[in-house]
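J.: model this:
(one chain, ligands or ions: 2)
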Amino acid sequence: DRRRIPFVTFVLGGPGSGKGTQCTRIVENFGFTHLSAGDLLRHEISSNTENGSMILNTIKEGKIVPSEVTVKLIQKAIESSENCRFLIDGFPRTEENRIAYERVTGSEPDIVLFFDCPEEEMVKRVLNRNQGRIDDNLDTVKERLKVFTKLNLPVIEHYSKKGKLYKIDGTGSEDEIYERVRPVFAALR
Ligand code: UP5
Ligand code: MG
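T.: Ligands and ions are numbered 1, 2, ... in the order given. Predicted coordinates for the structure are as follows:
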């Protein structure tokens with residue numbers, strides 16, 4: 001029922017921490033709609049929209065796209081969905097992103113997942129991915145990690161203080177990690 005207030009989960013973690021992989025599992029088992037902010041931005045690049053080249057350059061450098069652009073894409077995706085449960089993957093990246101989302105939507109996420117994973121493991125996963133992403137090279141990954149530590153950790157800390165954060169050990173196999181994620185959603189039913 002789209003008139004109900006949506007249940008929103010933010011899914012955070014560094015580059016390669018497993019956000020997308022675990023979101024796919026959650027979707028299969030708990031009926032959420034997966035909105036990856038990175039995928040929404042990459043779609044703008046591939047469909048040559050007015051912001052496409054700016055987004056391409058920003059992603060290539062591992063920097064953050066202006067909040068108004070990303071928030072608008074997410075809001076549009078939520079509004080055009082029939083579902084009322086959303087996983088917003090890889091957003092907000094910064095306190096500014098977070099504040100813009102809260103201002104524009106007039107709401108906060110219900111819960112926030114954080115996949116905690118050592119840098120060496122994240123770098124290994126990203127460089128092994130081989131799906132042609134322009135930001136999956138050693139130089140850009142180093143920058144993505146820096147940006148994560150400097151700008152995204154404060155967002156995670158914010159939600160921790162609010163009691164909304166579920167910190168998940170992001171090491172081990174995909175199955176092992178999912179066994180840590182599943183109880184969070186099973187408890188919501
Ligand atoms: N893999 C997954 N789990 C594994 C496991 N347990 N063991 C071994 N391998 C595992 O996983 C990464 C790789 O590891 C995959 O090959 C997977 O098979 C394997 P994935 O699930 O894709 O991890 P994820 O955390 O989703 O990694 P991703 O690289 O997508 O994270 P990023 O946060 O870096 O990328 P995102 O697409 O979110 O953003 C890209 C860029 O867009 C940003 O750098 C930024 O420039 C821009 N952006 C914004 O500006 N604003 C936003 O709001 C969002 C993005
Ligand atoms: Mg991803």
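
J.: wait, what's in contact with the closest residue to ligand 1 within the chain?
T.: With CB to the nearest ligand atom as the measure, Gly38 is the residue of the chain nearest to ligand 1, at 1.9 Å. Backbone N, C-alpha and C define where each C-beta goes, glycine included. Listed by CB atoms under 8 Å, 6 or more residues apart in numbering, the contact set of Gly38 reads Ile59, Asp89, Gly90.

J.: got the contact list for the helix or strand containing Asn29?
T.: Element membership for Asn29 (DSSP states H and E) is helix 19-30. Outside helix 19-30, the residues that touch it by CB under 8 Å, 6+ apart are 11-13, 32-34, 36, 85, 87, 89-90, 113, 115, 168, 174, 177-178, 181-182, 185, 188.

J.: which of the residues you listed fall in helices?
T.: Glu174, Ile177, Tyr178, Val181, Arg182, Phe185 (DSSP state H).

J.: only whichever of the residues you listed are buried, select them in PyMOL.
T.: Filtering the ones in helices among the contacts of helix 19-30 down to the buried ones (16 or more other CB atoms under 10 Å) takes a single PyMOL command:
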select buried, resi 177+178+181+185
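
J.: could the ones in helices among the contacts of helix 19-30 go into JSON lines alongside distance to Ala100 and pLDDT?
T.: Listed next are the ones in helices among the contacts of helix 19-30 as JSON lines, based on distance: CB to CB, whole Å; pLDDT from 0 to 100:
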{"residue": "Glu174", "distance to Ala100": "32", "pLDDT": "98"}
{"residue": "Ile177", "distance to Ala100": "30", "pLDDT": "98"}
{"residue": "Tyr178", "distance to Ala100": "31", "pLDDT": "98"}
{"residue": "Val181", "distance to Ala100": "27", "pLDDT": "98"}
{"residue": "Arg182", "distance to Ala100": "31", "pLDDT": "98"}
{"residue": "Phe185", "distance to Ala100": "27", "pLDDT": "97"}
